[in-house]
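Enquirer: can you look at this prediction? I've put the sequence above it.
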Amino acid sequence: MTAVAGPAAATAEANALPRTQTKRKGASRRRNAGVRTGVQAVVIVLWCLLPFYWMVVTSFRDVGYTFDTTPWFTHFTWDNYATAFSTNLGNHLGQALLNSLIIGVCVTVVSLVFGIFASYALARLDFRFKGIVLGIILAASMFPGVALITPLFQLFTSIGWMGTYQALIIPQISFALPLTVYTLSSFFREMPWDLEEAARIDGCTQAQAFRKIILPLAAPAVFTTAILAFISSWNEFLISSQLSSDATQPVTVAIASFTGSQPHQEPYTAVMAAGTIVTVPLIILVLIFQRRIVAGLTAGGVKG
């Protein structure tokens, strides 16, 4: 019995050894992968946030120490923020913030209204050349904005729109709308037809089914698209720098035209203060709604 049991036990131990080694190797690989992911995340966060941190530090630094390389807050002052809002020096940051808000809201609303219906039609309806239509919409988003400045300048000058809000809103809609259609069409395409069909069986019209069933379910994607469209409009500079006037210029153009308290002086600290004022609300907005943004970006990739 002992002689028989001995080889059997040895065989069992020999078979169990590779399994144990495999488990240890798997755990080691997972641990190493976690460490690599953590290191990569830290590098990405530092790479993205260090310029913003330096902008904030410089915005609170006295003008005489603009080029001080101390990596923390020194020579603290609030004067740069007062200079950024000072109209005596020709800086109109307050009006520019209002202009950017008006332009961003109009671009976002119009892009969503047209983008929701267009993306729903592209995702749900079958018609000829649907793929070509979607390809043209996506190609429009890749068109270089610098190539449009001259024809837009000539067009808006001839119709008397130069320096008006519509001259700034309409071109930005042409860039925000493809993003809206692309993001929402992928979401509508993955949404199950059964929900809409069940609503139609219960007596809803197609419009009612879309308004009461489909649109509420698409809220995460709509919310995400709205934030992306607003940020895109808020950060636009190239076209606005050519088509805006002193009364309608957005905040990006206003910051670029800042003047210092002395002739030929580049107001770096005031520019940093204005940049902080412009950036912080967007960061707070994204941090508050980050769960909705992630849900909207990933919702279209999972079938219901």
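Expert: Arrived safely.
Enquirer: from here on, contacts and neighbour counts on C-alpha atoms
Expert: OK.
Enquirer: and the helices in the chain, which stretches?
Expert: Using DSSP state H, the helices assigned to the chain run over residues 2-59, 79-85, 93-124, 130-141, 149-158, 165-190, 193-201, 206-209, 215-217, 219-234, 238-243, 251-256, 268-288, 290-299.
Enquirer: can I get the ones you listed in JSON lines with distance to Thr70?
Expert: What follows is the helices of the chain, written out as JSON lines (distance: least, CA to CA, whole Å):
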{"stretch": "helix 2-59", "distance to Thr70": "9"}
{"stretch": "helix 79-85", "distance to Thr70": "18"}
{"stretch": "helix 93-124", "distance to Thr70": "28"}
{"stretch": "helix 130-141", "distance to Thr70": "42"}
{"stretch": "helix 149-158", "distance to Thr70": "41"}
{"stretch": "helix 165-190", "distance to Thr70": "40"}
{"stretch": "helix 193-201", "distance to Thr70": "60"}
{"stretch": "helix 206-209", "distance to Thr70": "60"}
{"stretch": "helix 215-217", "distance to Thr70": "50"}
{"stretch": "helix 219-234", "distance to Thr70": "31"}
{"stretch": "helix 238-243", "distance to Thr70": "33"}
{"stretch": "helix 251-256", "distance to Thr70": "25"}
{"stretch": "helix 268-288", "distance to Thr70": "15"}
{"stretch": "helix 290-299", "distance to Thr70": "33"}
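Enquirer: dump these to a markdown table, plus mean pLDDT and distance to Trp72.
Expert: Conversion of these to a markdown table gives the following (pLDDT from 0 to 100; distance: least, CA to CA, whole Å):
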| stretch | mean pLDDT | distance to Trp72 |
| --- | --- | --- |
| helix 2-59 | 74 | 7 |
| helix 79-85 | 87 | 17 |
| helix 93-124 | 91 | 26 |
| helix 130-141 | 81 | 41 |
| helix 149-158 | 91 | 41 |
| helix 165-190 | 88 | 38 |
| helix 193-201 | 79 | 56 |
| helix 206-209 | 80 | 57 |
| helix 215-217 | 83 | 46 |
| helix 219-234 | 87 | 29 |
| helix 238-243 | 90 | 33 |
| helix 251-256 | 90 | 24 |
| helix 268-288 | 86 | 15 |
| helix 290-299 | 63 | 28 |
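Enquirer: quick one, which of these is nearest to Phe73?
Expert: helix 2-59 (5.6 Å; CA to CA).
Enquirer: mind putting the helices of the chain in JSON lines, mean neighbour count and distance to Phe67 included?
Expert: Shown next, in JSON lines, are the helices of the chain (neighbours: other CA atoms under 10 Å; distance: least, CA to CA, whole Å):
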{"stretch": "helix 2-59", "mean neighbour count": "13", "distance to Phe67": "9"}
{"stretch": "helix 79-85", "mean neighbour count": "20", "distance to Phe67": "15"}
{"stretch": "helix 93-124", "mean neighbour count": "20", "distance to Phe67": "24"}
{"stretch": "helix 130-141", "mean neighbour count": "14", "distance to Phe67": "39"}
{"stretch": "helix 149-158", "mean neighbour count": "14", "distance to Phe67": "36"}
{"stretch": "helix 165-190", "mean neighbour count": "22", "distance to Phe67": "36"}
{"stretch": "helix 193-201", "mean neighbour count": "14", "distance to Phe67": "61"}
{"stretch": "helix 206-209", "mean neighbour count": "14", "distance to Phe67": "61"}
{"stretch": "helix 215-217", "mean neighbour count": "14", "distance to Phe67": "52"}
{"stretch": "helix 219-234", "mean neighbour count": "21", "distance to Phe67": "29"}
{"stretch": "helix 238-243", "mean neighbour count": "19", "distance to Phe67": "28"}
{"stretch": "helix 251-256", "mean neighbour count": "22", "distance to Phe67": "19"}
{"stretch": "helix 268-288", "mean neighbour count": "18", "distance to Phe67": "9"}
{"stretch": "helix 290-299", "mean neighbour count": "17", "distance to Phe67": "35"}
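Enquirer: alright, I will stop here.
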